[in-house]
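Trainee: got a structure for you, letters missing:
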């Protein structure tokens with residue numbers, strides 16, 4: 001009888017309006033980590049307005065009394081717009097609310113280069129994170145846009161090959177670009193075109209400066225940029241987005257997702273269009289920034305095999321068409337034809353990932369991918385009087401190259417006493433084909449590696465992480481790669497990190513076997529290349545000046561030292577036999593030695609709705625027999641403020657890049673110092689506004705307020721002419737090709753979702 005009475009009372013309390021039922025609301029981030037100190041307010045119960053507020057505890061749980069249903073909750077996370085949660089009926093358990101972190105906090109979880117997800121404050125490496133809000137506020141369409149304000153990273157633009165990256169003085173071949181921890185293929189001229197890596201389905205970007213060769217292999221000497229794709233937290237969602245930029249960009253995309261039982265599916269598609277831009281004329285036929293059209297598609301399906309096991313299949317497809325038209329310099333009554341080109345690249349990346357737990361602490365993760373990259377170059381003659389076109393049959397004017405990469409990496413993470421360890425294998429198979437561009441038509445290379453990373457918790461305050469990687473390369477002999485990292489915590493607010501890592505990079509298939517000639521290019525590989533070898537040191541200290549709930553102030557100072565032997569670069573070959581009007585030959589060659597030092601300071605603070613990151617960097621190139629000595633400064637700032645009640649956010653992004661010399665070949669395999677590029681400032685500003693309970697988001701902003709286009713040489717300025725690069729691709733201005741000048745952008749996104 002007693003049990004019956006208790007049951008009746010509970011049923012009555014939950015079923016009858018006006019009798020409150022206690023509901024538990026659990027706040028987690030996108031990685032499943034609990035979020036304490038989040039305010040939850042009951043604003044509506046049944047037909048009655050309410051005003052009941054409580055905070056989530058250290059377990060991320062807030063308990064609130066709900067008298068009637070349907071109920072509406074408002075969640076106030078510092079630095080975010082108000083999140084609305086509707087509850088139609090009494091829940092059977094805790095209501096889980098997933099909040100995407102708008103700012104990078106000390107409790108942020110990282111997944112790059114670690115055996116299992118690890119809190120940022122406990123990682124032995126130094127990370128930088130670009131959040132989804134940062135991506136949106138910058139109006140970042142592609143990776144080139146997202147990275148250009150980052151300290152220690154310099155972004156350039158090649159007329160044909162697109163966006164390039166340099167990290168800590170190391171070029172694109174030494175910077176590994178990943179999506180969900182798996183490498184992106186398709187390097188042209190030592191760089192992956194950053195403009196072909198779009199942000200449509202990217203949730204955040206994790207950046208590690210410094211070598212990550214133990215976990216990711218040869219081409220991670222300079223660092224890693226890992227793009228994390230979006231996850232679906234809604235029962236279902238259908239949406240679309242549109243983007244406009246005054247430089248001539250018109251983008252549109254649609255997406256949908258559904259979550260049912262153990263299945264989670266995300267689909268997306270879009271089209272990006274850029275009409276081209278030139279600093280001299282709005283309608284020049286061969287603009288410096290070439291017209292481009294992209295078609296995009298992505299799919300991500302996750303199936304939860306068990307509570308502690310998931311399998312995910314993802315695919316991302318990009319079709320990129322670049323239009324290169326010849327100028328009118330040679331057009332006359334007697335020469336009415338011009339040569340035009342269309343370069344079509346297709347990148348299709350497929351990923352199959354397994355994650356599962358075994359025992360009390362065992363954690364397995366298997367990441368596998370097949371990547372397809374195809375580049376087709378088609379040339380034709382256009383009669384400008386009749387606009388008739390005919391295909392070109394000249395040698396080299398039409399070419400096709402195909403690259404297929406197969407990657408498999410599996411890790412097992414566990415602990416035994418004071419030892420935490422990650423053991424794994426890494427297999428990379430690369431295949432290249434293309435009669436017009438690859439010597440002998442086909443080439444391939446394989447790399448097979450085993451690695452072991454061990455965290456030794458010597459004391460509660462001291463962690464030592466020795467690691468080693470052994471590999472077999474089918475072309476080159478790979479040395480054992482050791483590393484040693486230390487994390488020391490003198491107290492709860494202070495972190496000291498130090499590391500040494502050995503680096504190794506075997507030449508790529510293109511550096512070895514490229515054989516490409518046409519009317520504008522004469523580039524060939526070098527089978528005598530030696531592998532790059534490096535030694536890298538890093539020392540960092542970070543201190544929490546203040547921390548209270550979600551408010552904090554953290555400062556850090558990090559120093560890097562890089563010593564690379566046999567660095568590979570694309571250099572002109574001066575054999576004295578170049579005929580007038582023909583392209584100068586270029587080939588890949590080893591430089592003698594490259595050494596540099598980098599010192600970075602950063603202050604990161606969050607006070608309620610204000611978030612401020614200030615950084616400064618001093619870079620020093622050390623003189624060697626093949627490398628000049630020079631110094632330059634960088635500084636950056638990111639200031640964000642949100643008005644939660646108004647669902648409004650303001651963002652300011654700033655970067656200063658100091659004067660640095662242009663480096664040119666000395667014709668003997670070395671580099672000499674050329675004219676200095678001028679220093680420059682970049683400033684972006686945006687306003688972010690949410691409507692209709694976060695279903696509609698509008699972002700408007702201005703980029704490159706100081707109107708940088710071409711960075712000229714100190715004492716010379718910007719001049720019209722040919723910059724002389726091997727891939728200049730048409731109209732160019734003397735100096736560093738930076739951006740399309742001051743532009744204005746607007747983004748509109750719509751999500752018709754059910755939580």
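Mentor: Received it, and whenever you're ready, just let me know what you need. Please read all numbers here as calculations on a predicted model, not as lab measurements.

Trainee: Leaving out sequence neighbours, find the closest residue to residue 446.
Mentor: residue 474 (4.4 Å; Cβ to Cβ, 6 or more residues apart in numbering). No exception for glycine: its C-beta is placed from N, CA and C like everyone else's.

Trainee: residues contacting that neighbour?
Mentor: If you count contacts by Cβ atoms under 8 Å, 6 or more residues apart in numbering, residue 474 has them with 444, 445, 446, 447.

Trainee: do the same with residue 535
Mentor: For residue 535, the contacting residues are 500, 501, 502, 503, 562, 563, by Cβ under 8 Å, 6+ apart.

Trainee: Which helix or strand contains it?
Mentor: Assigned by DSSP states H and E, residue 535 falls within strand 532-548.

Trainee: next SSE after that strand?
Mentor: Next helix or strand after strand 532-548 toward the C-terminus (DSSP H and E): strand 551-565.

Trainee: on contacts alone, who are the packing partners of the helix or strand following that next one?
Mentor: The first helix or strand that comes after strand 551-565 along the chain, using DSSP H and E, is strand 568-572. Under the contact criterion of 3 or more Cβ pairs under 8 Å, 6 or more residues apart in numbering; DSSP states H and E, strand 568-572 touches strand 586-590, strand 660-665.

Trainee: what do you get if the cut-off is 7 Å, keeping everything else the same?
Mentor: strand 586-590 (3 or more Cβ pairs under 7 Å, 6 or more residues apart in numbering; DSSP states H and E).

Trainee: got the contact list for the strand it packs on?
Mentor: When contacts are defined by Cβ atoms under 7 Å, 6 or more residues apart in numbering, strand 586-590 is touched by residues 511, 522-526, 529-530, 566-573, 669, 726.

Trainee: In ChimeraX, how would I select just the buried ones from those?
Mentor: The following ChimeraX line selects those of the contacts of strand 586-590 that are buried, judged by 16 or more other Cβ atoms under 10 Å:
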select :511,522,523,524,525,526,529,566,567,568,569,570,571,572,573,726
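
Trainee: Which of the contacts of residue 535 ranks first by neighbour count?
Mentor: Highest neighbour count within those, by other Cβ atoms under 10 Å: residue 503, with 27 neighbours.

Trainee: Which strand or helix spans it?
Mentor: Taking DSSP H and E as the criterion, residue 503 maps to strand 494-505.

Trainee: Okay, angle between that strand and strand 568-572 too, please.
Mentor: Angle, strand 494-505 to strand 568-572, by axes from the mean of the first three to the mean of the last three Cα atoms, to 10 degrees: 60 degrees.

Trainee: So which elements touch whichever helix or strand comes after strand 494-505?
Mentor: As assigned by DSSP H and E, the chain's next helix or strand after strand 494-505 is helix 509-513. Judged by 3+ Cβ pairs under 7 Å, 6+ apart, helix 509-513 is in contact with strand 442-457.

Trainee: Give me the average confidence score over the strand it packs on.
Mentor: Strand 442-457 comes out with an average pLDDT of 92.

Trainee: Can you mark which positions in it are buried?
Mentor: Neighbour-count burial for strand 442-457, counted by 16+ other Cβ under 10 Å, picks out 443, 445, 447, 448, 449, 451, 453, 455.

Trainee: Nearest to residue 71 among these?
Mentor: Of all those, residue 71 sits closest to residue 455, with 45.0 Å by Cβ to Cβ.

Trainee: Any idea what that closest one is bridged to?
Mentor: With beta bridges defined as DSSP bridges, residue 455 has these partners: residue 420.

Trainee: ok, it to residue 413 distance?
Mentor: Distance of residue 455 to residue 413, given as Cβ to Cβ, to the nearest Å: 10 Å.

Trainee: now residue 182
Mentor: On the measure of Cβ to Cβ, residue 182 and residue 413 end up 18 Å apart.

Trainee: Compare those two (neighbour count), which wins?
Mentor: Shown here are residue 182 and residue 413; by other Cβ under 10 Å, residue 182 has more neighbours (24 against 20).

Trainee: mind listing what the closest residue to that one other than its chain neighbours touches?
Mentor: Among residues not flanking residue 182 along the chain, residue 369 sits closest, at 4.2 Å (Cβ to Cβ, 6+ apart). With contacts defined as Cβ under 7 Å, 6+ apart, residue 369 is in contact with 182, 349, 350, 351, 407.

Trainee: ok, so what distance separates the first one from residue 407?
Mentor: Residue 182 sits 6 Å away from residue 407, taking Cβ to Cβ as the criterion.

Trainee: now swap in residue 301 and tell me
Mentor: Separation of residue 301 from residue 407 (Cβ to Cβ) stands at 20 Å.

Trainee: Any idea which of the contacts of residue 535 the model trusts least?
Mentor: Least confident of these in the model: residue 503, at 83.

Trainee: who's in contact with that one?
Mentor: 211, 213, 221, 533, 534, 536.

Trainee: Next, count neighbours for residue 645.
Mentor: 10.

Trainee: Please apply the same query to residue 736.
Mentor: Using other Cβ under 10 Å, residue 736 is surrounded by 22 other residues.

Trainee: Just give the closest residue to it, not the sequence neighbours.
Mentor: Using Cβ to Cβ, 6+ apart and skipping the chain neighbours, the partner closest in space to residue 736 is residue 711 (4.1 Å).

Trainee: Regarding the one you found, what are the backbone dihedral angles?
Mentor: For residue 711, the backbone dihedrals are phi -90, psi 110 (criterion: degrees, to the nearest 10).

Trainee: which residues touch it?
Mentor: With the criterion set at Cβ under 7 Å, 6+ apart, residue 711 makes contact with 677, 678, 680, 735, 736, 738.

Trainee: Out of these, which one has the lowest pLDDT?
Mentor: Lowest pLDDT among the contacts of residue 711: residue 735, 68.

Trainee: could the contacts of residue 369 go into TSV alongside pLDDT and distance to residue 340?
Mentor: Shown next, in TSV, are those (pLDDT from 0 to 100; distance: Cβ to Cβ, whole Å):
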residue	pLDDT	distance to residue 340
182	92	36
349	95	30
350	96	33
351	96	36
407	95	37
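
Trainee: Kindly indicate which of the residues you listed lies nearest residue 400.
Mentor: The closest of those to residue 400 turns out to be residue 349 (Cβ to Cβ; 19.5 Å).

Trainee: so the closest one makes contact with residue 179?
Mentor: Yes - using Cβ atoms under 7 Å, residue 349 is in contact with residue 179, at 6.5 Å.

Trainee: what do these two both touch?
Mentor: Contacts common to residue 349 and residue 179, judged by Cβ under 7 Å, 6+ apart, are residue 316.

Trainee: okay, those two: which has more neighbours?
Mentor: Taking neighbours as other Cβ under 10 Å, residue 349 and residue 179 compare with residue 349 leading, 24 against 21.

Trainee: Quick check: that one is in a helix.
Mentor: No - counting by DSSP: H, G, I helix; E, B strand; the rest coil, residue 349 is not part of a helix but strand.

Trainee: sorry, back to before: most neighbours among the contacts of residue 503, please name it.
Mentor: residue 211 (31 neighbours).

Trainee: Now do that one against residue 693, distance only.
Mentor: 46 Å.

Trainee: cool, residue 614 as well?
Mentor: As for residue 614, its distance to residue 693 is 34 Å (criterion: Cβ to Cβ).

Trainee: All the strands of the stretch 651-755 of the chain, residue numbers only.
Mentor: For the stretch 651-755 of the chain, the strands defined by DSSP state E, counting those that start in this stretch cover 660-665, 671-677, 680-691, 696-703, 710-711, 719-720, 733-734, 736-737, 743-754.

Trainee: Now do the third one: which elements does it pack against?
Mentor: If I follow you right, that is strand 680-691. By 3+ Cβ pairs under 7 Å, 6+ apart, strand 680-691 packs against helix 132-137, strand 648-657, strand 696-703.

Trainee: Most tightly packed of those?
Mentor: Across those, averaging neighbours per residue (mean count of other Cβ atoms under 10 Å) puts helix 132-137 on top, at a mean of 22.

Trainee: Quick one: mean pLDDT for the helix or strand that that helix is followed by?
Mentor: Downstream of helix 132-137, the first helix or strand assigned by DSSP H and E is helix 143-147. Taken as a whole, helix 143-147 has an average pLDDT of 90.
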